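**Q** Curious how this folds, go ahead:
(chains A, B, C, D, E and F)
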There are 6 protein chains.
Amino acid sequence: MVYLTRIEHFNAAHKLYNPNWSREQNEVVFGKCANENWHGHNYELYVTVKGTPNPDTGFLYDVKKLSIIIKDKVIEKIDHRNLNIDVDFMQGKMCSTENLAMGIWNELVPHLPSEIKLHCIKLYETASIYVEYYGE
Amino acid sequence: MVYLTRIEHFNAAHKLYNPNWSREQNEVVFGKCANENWHGHNYELYVTVKGTPNPDTGFLYDVKKLSIIIKDKVIEKIDHRNLNIDVDFMQGKMCSTENLAMGIWNELVPHLPSEIKLHCIKLYETASIYVEYYGE
Amino acid sequence: MVYLTRIEHFNAAHKLYNPNWSREQNEVVFGKCANENWHGHNYELYVTVKGTPNPDTGFLYDVKKLSIIIKDKVIEKIDHRNLNIDVDFMQGKMCSTENLAMGIWNELVPHLPSEIKLHCIKLYETASIYVEYYGE
Amino acid sequence: MVYLTRIEHFNAAHKLYNPNWSREQNEVVFGKCANENWHGHNYELYVTVKGTPNPDTGFLYDVKKLSIIIKDKVIEKIDHRNLNIDVDFMQGKMCSTENLAMGIWNELVPHLPSEIKLHCIKLYETASIYVEYYGE
Amino acid sequence: MVYLTRIEHFNAAHKLYNPNWSREQNEVVFGKCANENWHGHNYELYVTVKGTPNPDTGFLYDVKKLSIIIKDKVIEKIDHRNLNIDVDFMQGKMCSTENLAMGIWNELVPHLPSEIKLHCIKLYETASIYVEYYGE
Amino acid sequence: MVYLTRIEHFNAAHKLYNPNWSREQNEVVFGKCANENWHGHNYELYVTVKGTPNPDTGFLYDVKKLSIIIKDKVIEKIDHRNLNIDVDFMQGKMCSTENLAMGIWNELVPHLPSEIKLHCIKLYETASIYVEYYGE
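**A** Next comes the predicted model:
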C-alpha cells in the first residue's frame, strides 16, 4: 500500500453565520468571522489516495489525471466562489473548514477510479489552521 | 542605513468589478475574479522600514511596536473584511493588489515614528502573485 | 471523526546536557548542542485534536479558543524562556524535542474541553527535524 | 512511542519511460515526463522512525547520526544522479516517486540501529506531489 | 511605479560541464554537478515587471495574461527538458543558474506588452540558492 | 551584473539586555526578550553577492565555495552559540538582529574573493521579522 498526495489551491469567500441565530449571537460566537459582508481565504487542499503501484507505469494512478479529477469535480465548484452562496454541496451547512473538508470528500469519492481509494482530505484555511478527514 | 521588515497577515473578501462597465465586460476582463458573490484571499503583508539602529537598544525601532502600529492602523481595517464594501481607503478604487498595496502605504505613513521611514509595502495575494510599492 | 490542527510558535533557549555526566562526555554525546552557554530555536508546535463537528457552528471546537488554551497553558510557560531552567514541566528531564513534545502533551490534556480529544503533538525544532507524540 | 522525522534533500534527473513500449505509447502515457533527454527534480525526503526515548539523552536516537545514515546509505546513491541509469536499487523499475519511496525504504531498513524502527518514507517530487510508504 | 511579480515553476535536467575541458577538469571544478548522466532541479522562477496601474482595472497588467506569456515563451521551452540539449537559447552556454536567468530575461523581453517593463528575473535552483538579474 | 544568493542557517541563544540599565528598565524596553536566562532562534541568513559570470564556468562564483566561506568565517562563530557571550564580533554590542546583520557583513567582507562583491546580508530572526543591510 502506497499513499499519493496531490495539493491544489482555491480562493473563496465565506462567512460563519448561523441563520437560526440573531446577528448578536452570531457575533458572540463567531466574532469577526461573522462579518455579514464576507471575508475569504486562499485554501490549500491535500488529496491523499492509496493503492498499489501499477508495475507498467510505477504509478498508483497518474497524478496529472488525479489533478484533473480534483479540478473538474471540486475546484471548479469552489474556486473564486462564495462558499455560502455559490456551492451546491455546502447548501444548508455551516461553512466551517470541517464541513468543507467533509463536503469535498463526498464530492470526490464517486469520481475516483477503482484502482485507488480516497484516504484523506486535508484542508488548510490559513497557514496555522487545517482540518483532516478520513471518511469516517 | 538598515532595513527592517515585519510580516503580518489578513484574510479578506473582494471582487474585481468596474461599476462603469456592464457585467459582460467585467467578466471578459476579470474572468472568475468578477464573481458578483465575491471570493477572497489570505493576504501576506511585508512592511519594510529603514533607518539607523539606536545604540542603546540595537533597534531601528521596536518591531513589536511596529507590529502594533500596522495592526491598529491597517490590519484592523482590512482583516475579515470585504475590501470593496468595508474599507474606507479603498472606496472608489478597483480592489486590485496594486491599489491595495498603495492604499496601505498611504494609511501607514502618517503613523510611523520619526526615527524610521517607510521603504516598501510588499503584498502577496496568493503564493504566486505579489506587488511591491516604494511610495513613488 | 474530524481532526483539527492549530499551529503556534515559540522561541526558546536550551542545551542538551546530562548533569550525571562529565563535560567531556556531554560533548562527545551532544556535540555543539552541549554548549554550556546555551543555544536556541524557533519551535513550531502543531496541536491536533479530534472530535465531531457541532451542527450549530460547524466547528469541532472554536479554533480561536483552542489557540487561547495552547497559549495560556503551554506557550506562556516556554516562549522566550530557557527550557532547562525556566520551565516547571521540564525539570529533571533532558531538554530534547522528544521530551518537550511529551511534556507539552501532558500540560495540555487536562485543559481541553470534553468535546475534543488531544490526538497529536507535533513539534518542529528546526526546518529539518520534528517529533510527533500521540499520547502512548 | 515517539516518532522522529529527519528531512533531507537530493537533486536528480529521471524520465518516465517503459522500455517495453514504443516511444509513441510512452508519450501517450507519460506526456512530457517521457522526454528522452531527461528532466529532473529537487526531491525532499522525510524519514520517520519510531521508538522510546533513552532517559540518559532524551533522544529516540541522535538525529545527527540518523542524518549520517540517510546520507551514507541513500542520498549518496541518488543525489546529483540519473535515477534511471546511475542508481543500483532502481534498476529494472519504473522511476516513479512511488517506486523511489519504496526503494529508499528497502535501502534504509538494514542500516538502522535496533533501538529505532522505520515508520514512514515520505517523498516530495514537487511542491504539490508527494508519496508516503509505511513498509507494507 | 508599482512592481508586480508572478512566480512559475519548471522541472529540468542539466549538468555543469565545459566541453573544452577534460572530464577530470570538469570534475575538479564542478564536482558531482558534472555527472555525465545529468541531474535536475525544480526551478522556481520569479518574473517582476514594473509600470503604473491602469485606473479602469487597477492592474499594472493582467497577471493571468502575464502568466500565459511566461508559460508560452519561456516555460514551454524549458519545463521537463534537458537544459544542455533541448533549449535553443542555452546552446553554447554553460547551464548555470546565472546564465539561465539571463537567457530567460532575453527570451521574455520581446514579448512583454508596452505598458510594462521587465524589472527582474529571480531564479531559485534549490531552496538555498537563487540568482537575480536586472537586465544590465 | 548578476546577483547570487546563498541561504544558510544557524541556531543561537541571546537576550536583549542593556547592561547600563536596571533590570526593570530592561524589562520595560525589551519585555520577555530581556529574560535573563536567555531565549533563542533559528536564524536564516541570506548572503547576496554580485559580479559578472565567468564564461568558462557560467558562475559568478562557485556557490559551494561561497557556502564554505560563510560557514568557516561566520556560521562557525555563531551556530549553537550564545550571541551575547560566545561571539567575538558581538562583544559590547546589543544583540539585536540589526547589529547581528551588520556584524556578519563585517566578518564576511574581508574573506570574499576579488571577483565578487558583497551586496546584501538579509537575516530572518523569526518567520515574520527580518533585517537587510547593504553595507552603508
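**Q** right, is stretch A:91-110 up against chain B?
**A** No. Shown here: stretch A:91-110 not in contact with chain B (Cβ under 8 Å from any Cβ of the partner chain), separated by at least 11.7 Å. The C-beta positions use only the backbone N, C-alpha and C, and glycine is treated the same way.
**Q** Let me see the mean pLDDT of that stretch.
**A** What stretch A:91-110 shows for mean pLDDT is 98.
**Q** Quick check: the gap between residue A:104 and residue A:121.
**A** In this view, residue A:104 and residue A:121 are 5 Å apart by Cβ to Cβ, to the nearest Å.
**Q** who touches both of those two?
**A** When contacts are counted by Cβ atoms under 8 Å, 6 or more residues apart in numbering or on different chains, residue A:104 and residue A:121 are jointly contacted by residue A:45.
**Q** quick one: contacts for the residue of chain A positioned farthest from its centre?
**A** Going by Cα atoms, centre = their mean, the residue of chain A most distant from its centre is residue A:56, 31.8 Å out. Taking Cβ under 8 Å, 6+ apart, we find residue A:56 in contact with D:18, D:20, D:94.
**Q** now do residue A:62
**A** residue D:29.
**Q** phi, psi of residue A:10?
**A** When read as degrees, to the nearest 10, the backbone of residue A:10 gives phi -150, psi 160.
**Q** Need the residues that contact the helix ranked longest in chain A.
**A** Longest helix in chain A by number of residues (criterion: DSSP state H): helix A:97-108. Helix A:97-108 is contacted by residues A:43, A:45, A:47, A:69-70, A:73-74, A:77-78, A:83, A:87, A:89-90, A:93, A:118, A:121-123, A:125, A:129-133, A:135, C:2, C:4, C:53, C:58-60 when judged by Cβ under 8 Å, 6+ apart.
**Q** who's residue A:51 bridged to?
**A** Here residue A:51 sits in beta bridges with residue A:2, as judged by DSSP bridges.
**Q** Wait, it touches residue A:114, no?
**A** No. Taking contacts as Cβ atoms under 8 Å, residue A:51 lies outside contact range of residue A:114: 9.4 Å.
**Q** Tell me which of those two has more neighbours.
**A** Shown here are residue A:51 and residue A:114; by other Cβ atoms under 10 Å in any protein chain shown, residue A:51 has more neighbours (20 against 6).
**Q** What are the boundaries of the helices in chain A?
**A** A:23-30, A:63-70, A:76-78, A:97-108.
**Q** ok, and which of these has the densest surroundings?
**A** helix A:97-108 (a mean of 22; mean count of other Cβ atoms under 10 Å in any protein chain shown).
**Q** and the angle for that one with helix C:63-70?
**A** Going by axes from the mean of the first three to the mean of the last three Cα atoms, to 10 degrees, helix A:97-108 is angled at 130 degrees with respect to helix C:63-70.
**Q** so how far is residue C:60 from residue A:25?
**A** Distance, residue A:25 to residue C:60, by Cβ to Cβ: 20 Å.
**Q** no no, residue A:81
**A** To residue C:60, residue A:81 is 24 Å away according to Cβ to Cβ.
**Q** Which residue comes closest to residue A:30 once chain neighbours are left out?
**A** residue A:16 (4.1 Å; Cβ to Cβ, 6 or more residues apart in numbering or on different chains).
**Q** Correction: the previous question concerned residue A:32.
**A** Closest residue to residue A:32 apart from its sequence neighbours, by Cβ to Cβ, 6+ apart: residue B:80 at 3.9 Å.
**Q** wait, that neighbour sits on residue B:11?
**A** Yes. If you go by Cβ under 8 Å, residue B:80 and residue B:11 touch, sitting 6.0 Å apart.
**Q** neighbours around the closest residue to chain F within chain A, how many?
**A** Proximity of chain A to chain F (Cβ to the nearest Cβ) peaks at residue A:127, 9.2 Å away. Neighbourhood size, residue A:127 [other Cβ under 10 Å]: 13.
**Q** could you measure it against residue A:42, distance?
**A** Applying Cβ to Cβ, the value for residue A:127 to residue A:42 is 9 Å.
**Q** Mutual contacts of the two, please.
**A** Common contact partners of residue A:127 and residue A:42 (Cβ under 8 Å, 6+ apart): residue B:42.
**Q** near chain C, which residues of chain A?
**A** Residues of chain A lying near chain C by Cβ under 8 Å from any Cβ: A:16, A:18, A:20, A:29-31, A:93-99, A:101-102, A:127-134, A:136.
**Q** Near residue A:117, how many other residues are there?
**A** Number of residues near residue A:117 (other Cβ under 10 Å) recorded here: 12.
**Q** Tell me where chain A has strands.
**A** For chain A, the strands defined by DSSP state E cover A:2-14, A:39-51, A:81-82, A:117-126, A:129-133.
**Q** what's the first one packed up against?
**A** Here strand A:2-14 touches strand A:39-51, helix A:63-70, strand A:81-82, strand B:39-51, helix D:97-108, strand D:129-133, going by 3 or more Cβ pairs under 8 Å, 6 or more residues apart in numbering or on different chains; DSSP states H and E.
**Q** same question, the second one
**A** Taking 3+ Cβ pairs under 8 Å, 6+ apart as contact, the helices and strands that strand A:39-51 lies on are strand A:2-14, helix A:63-70, helix A:97-108, strand A:117-126, strand B:2-14, strand B:39-51.
**Q** Columns distance to residue F:36 on top of the ones you listed, output as a markdown table?
**A** Shown next, in a markdown table, are these (distance: least, Cβ to Cβ, whole Å):
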| stretch | distance to residue F:36 |
| --- | --- |
| strand A:2-14 | 44 |
| helix A:63-70 | 53 |
| helix A:97-108 | 42 |
| strand A:117-126 | 35 |
| strand B:2-14 | 25 |
| strand B:39-51 | 29 |
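**Q** The closest residue to residue A:122 other than its chain neighbours and chain B: what is the separation?
**A** Distance criterion Cβ to Cβ, 6+ apart; nearest residue to residue A:122, sequence neighbours excluded, is residue A:46 at 3.8 Å. Applying Cβ to the nearest Cβ, to the nearest Å, the value for residue A:46 to chain B is 14 Å.
**Q** So for residue A:46, what pLDDT did the model give?
**A** Note on residue A:46: pLDDT of 98.
**Q** swap in the one 10 residues further on?
**A** Note on residue A:56: pLDDT of 96.
**Q** For it, grab phi and psi.
**A** Note on residue A:56: backbone dihedrals following degrees, to the nearest 10 are phi -70, psi -30.
**Q** again, but for residue A:80
**A** Torsion angles, degrees, to the nearest 10, at residue A:80: phi 50, psi 40.
**Q** Now which of the contacts of helix A:97-108 would you call buried?
**A** Buried members of the contacts of helix A:97-108, scored by 16 or more other Cβ atoms under 10 Å in any protein chain shown, are A:43, A:45, A:47, A:69-70, A:73-74, A:77-78, A:83, A:87, A:89-90, A:93, A:118, A:121-123, A:125, A:129-133, C:2, C:4, C:53, C:58-60.
**Q** how about residue A:39, what does it touch?
**A** Applying Cβ under 8 Å, 6+ apart, we find residue A:39 in contact with A:13-15, A:32-33, B:11-13, B:40, B:79-82.
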